[in-house]
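**Student:** Turn this into a model:
(one chain, ligands or ions: 2)
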Amino acid sequence: MPEPAKLCVSNQKGGVGKTTVAINVAGALNARGRDVLFVDLDPQGNATEGLGLVDEYESPPPSLFDVLTDPEERETIADLVVEHEEMDVIPSNIDMTAVEPELVLARRGGEQLSLALEHVEDDYDYVVVDCPPHLGYLADNALFATRNVLIPALAESTSKRALELLFDHIESLELDYEIEITDRCVVANRVEETNEAKEMMEWFHQAFPDIPVWEVRKRVALQRAFTDGHSVVEYSPDLDMAAVFDAVAADLDEQFGFADAEVPA
Ligand SMILES: Nc1ncnc2c1ncn2[C@@H]1O[C@H](COP(=O)(O)OP(=O)(O)OP(=O)(O)O)[C@@H](O)[C@H]1O
Ligand SMILES: [Mg+2]
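**Tutor:** Ligands and ions are numbered 1, 2, ... in the order given. Predicted coordinates:
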């Protein structure tokens, strides 16, 4: 089997929809017949909860914390994989709140997720990583491991600065590690019918002329799907936003060369 396509959902600004986008893109990829491994790298564990796995978040060690901080535990990442109806999940854990200072002190502190994923990733078409809302070692681990980023952003002017900071950070990471990180798409999220939103949509298209800029509208069904522990594609496939996430997934399939694979009806 070829290498899986790996991508992280990143924006250090809080509450812009990283977790919502990560779960729903993963769900849409699954609906297209892809095998998806979802990694919740955020110590807040929102995605873990939003996939109905809150017990895992509170489970005793070993957890993702141990996998990332103790090289001898690295292989046990395989034991952390939980089956969800739509995807396999490596849940976050309450212990992850203590992981950043450990990674700062560790040798190869930015590479631990990448090293761990080597033990599980071959079984999947996609690995999707949900990032925490700041540019620390966890975000670096996600960017280093995946080399591809999907960027959710609110359609409001504060997003300009947020994206500038994100791209400065990505650029310095590329220089430090001598790697290339590719931005795959922008997802403008919680878009409403306001002039500010319209102006920002134009700004996104101008700022990112070479990649798709998707538009996800404000929909309470997205919150309901989260509470139900599923992607909206599974929870409410007829919702207009399920079609948007399917389009994102179809485009990723094309970008990563899955376009010719058979898509189940
Ligand atoms: N398109 C949308 N329509 C309605 N509600 C949304 C939409 N996108 C996100 N939300 C809601 O907004 C809140 C924040 O979204 P989410 O948790 O996905 O953001 P985040 O970037 O992951 O946050 P954090 O930075 O804390 O990780 C959640 O309550 C979520 O349900
Ligand atoms: Mg989140």
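
**Student:** residue ranges for the strands of the stretch 1-150 of the chain, please.
**Tutor:** 5-9, 36-40, 82-83, 88-90, 126-130, 148-154 (DSSP state E, counting those that start in this stretch).

**Student:** Give me the helices and strands touching the fourth one, please.
**Tutor:** Read that as strand 88-90. Under the contact criterion of 3 or more Cβ pairs under 8 Å, 6 or more residues apart in numbering; DSSP states H and E, strand 88-90 touches strand 36-40, strand 82-83. C-beta here means a position set from N, CA and C on the backbone, and glycine is covered the same way.

**Student:** Let me have the ones you listed in a markdown table, extended by mean pLDDT and distance to A28.
**Tutor:** Output for those, formatted as a markdown table (pLDDT from 0 to 100; distance: least, Cβ to Cβ, whole Å):
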| stretch | mean pLDDT | distance to A28 |
| --- | --- | --- |
| strand 36-40 | 98 | 10 |
| strand 82-83 | 98 | 19 |
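
**Student:** okay, these, which one's buried deepest?
**Tutor:** Highest mean neighbour count among these (mean count of other Cβ atoms under 10 Å): strand 36-40, with a mean of 28.

**Student:** neighbours around S159, how many?
**Tutor:** If you count neighbours by other Cβ atoms under 10 Å, S159 ends up with 24.

**Student:** on that earlier part again, kindly reformat the strands of the stretch 1-150 of the chain as TSV containing distance to E171.
**Tutor:** Formatted as TSV, the strands of the stretch 1-150 of the chain follow (distance: least, Cβ to Cβ, whole Å):
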stretch	distance to E171
strand 5-9	16
strand 36-40	24
strand 82-83	35
strand 88-90	28
strand 126-130	20
strand 148-154	12
